[in-house]
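Q: Quick one, what's the 3D model for this:
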Amino acid sequence: MKKRLLSALCLLSLSVFGCTAPSTMDVTSPTENETPTTAVQPLVTGAIPDQDPEKLQRLYGLLADYLSAELGVPVEYKPVTDYLAAVTAFKVGDLDLVWFGGLTGVQARLQVPGAEAIAQRDIDAEFHSVLIANVNSGLGELASDADLTQVKGKTITFGSESSTSGRLMPQYYLEQAGVSLEDFQGEVGFSASHDATIQLVEAGTYDLGMLNEQVWNSRVEAGEVDTNRVKVIWRSPAYYDYHWVISPDVDERYGEGFRDKVQQALLQLDPNNPDHKEILDLFGATQFIQTSNENYAEIEAVGRQIGKIQ
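A: Residues are numbered from 1 along each chain as shown. Below is the predicted model of the structure:
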């Protein structure tokens, strides 16, 4: 009787739970044997909005794709509203790698200990501003810096208030020649970008405008400027300007040596490679070269002199 009872219980158990006893693998949750994956945080790039937003979006979109492939991490471009916003975003960690002008680069690095200037265009080691004039201003080409006194009594617009080539260095050279902002007619303008400066002077809204020489040349070459209405009358002495600044946090996030890897990716952009050349052309450069924080000591000194760095 005992044997028959045990057999019946066994048959009942098999009918309910199946004919095979559960193995260790059957009772283990599948997720316990899976390797957890963590999404890689994107490297976020940005730039001062010194040109037309559509041009910037195309340029930095292409660069982000290139860097992502070279670095093995996702790279995103995040536009900002103005120069100050670019500095603030870098300070709070919203941007990791930023294309700054000379002044904004200094401002950003002073607020982020360990931040480094790692690359600049070949043209940035000897950069220039230009003074453009509406043809109805009555001004001709200025033969020397001393002749800048001829602009007194005219109307003028700069670019952004924090632009190195569109405000900081032009104002410095004007002051060196004995011209203060109070010597201009009416209120000095700040157009917010180099493209806007050209448009305002061409339209006759201002007699004069100070801007980045590279932007002026590229717009003239593209046929986007009516040179019958606006012309260059002065070219500044040379100074250091635009450069890439990288956050010290990237090595901690992506591994030791990542900063050097980013620098190398920028330096190896090759004008003989059609894809690379498209990026370099949009930057107005033949190549990127190494730079360092020390190269912008003059910019910092001028910034402090005119009150843009405290």
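
Q: By mean pLDDT, flag the weakest helix or strand of the protein.
A: Each helix and strand of the chain was given a mean pLDDT (mean pLDDT, DSSP states H and E); the minimum falls on helix 24-27 at a mean of 38.

Q: next structured bit after that helix?
A: Where DSSP states H and E defines the elements, the next helix or strand beyond helix 24-27 is strand 43-47.

Q: name the helices or strands packed onto that next one?
A: For strand 43-47, the packing partners by 3 or more CB pairs under 8 Å, 6 or more residues apart in numbering; DSSP states H and E come out as helix 53-71, strand 75-77, helix 83-92, strand 97-100. In short, each C-beta sits where N, CA and C put it, glycine included.

Q: List the neighbouring strands of the helix or strand containing Ala117 plus their orientation.
A: Assigned by DSSP H and E, Ala117 belongs to strand 116-121. Sheet pairing of strand 116-121 (DSSP bridges) gives strand 243-246 (antiparallel), strand 288-290 (antiparallel).

Q: circling back to that earlier point, could you single out the most deeply buried of the helices and strands packed on strand 43-47?
A: With neighbours taken as mean count of other CB atoms under 10 Å, these reach their highest mean count in strand 97-100, at a mean of 26.

Q: how about low-confidence regions in this structure?
A: The model of the chain has pLDDT under 70 over residues 1-38.

Q: one more time with 90
A: 1-40, 50-55, 310 (pLDDT under 90).

Q: before we move on, back to that, highest mean neighbour count out of the strands paired with strand 116-121?
A: Of all the strands paired with strand 116-121, strand 243-246 has the most neighbours on average by mean count of other CB under 10 Å, namely a mean of 26.

Q: Tell me which helix or strand comes right after that one.
A: helix 249-254.

Q: which residues sit against that next one?
A: Residues from elsewhere that reach helix 249-254, judged by CB atoms under 8 Å, 6 or more residues apart in numbering: Gln41, Leu43, Leu71, Val73, Gly93, Asp96, Leu97, Gly257, Phe258, Arg259, Val262.

Q: Who are the contact partners of the fifth one?
A: The contact partners of Gly93, by CB under 8 Å, 6+ apart, come to Ser247, Asp249.

Q: Also the second one?
A: Contacts for Leu43 were tallied using CB under 8 Å, 6+ apart; they are Leu67, Leu71, Val73, Pro74, Val75, Glu76, Asp96, Leu97, Val250, Tyr254, Val262.

Q: Try it again at 7 Å.
A: By CB atoms under 7 Å, 6 or more residues apart in numbering, the contact list for Leu43 reads Leu71, Val73, Val75, Asp96, Leu97, Val250.

Q: If the fifth one is in a bridge, with which residues?
A: In other words, Leu97. Note on Leu97: beta-bridge partners by DSSP bridges are Thr45, Ile246.

Q: That one contacts Ile246, correct?
A: Yes: here Leu97 reaches Ile246: they are 5.1 Å apart, a contact under CB atoms under 7 Å.

Q: My read is that Gly303 contacts Val106, right?
A: Yes: taking CB under 7 Å as the definition, Gly303 is a contact partner of Val106 at 6.2 Å.
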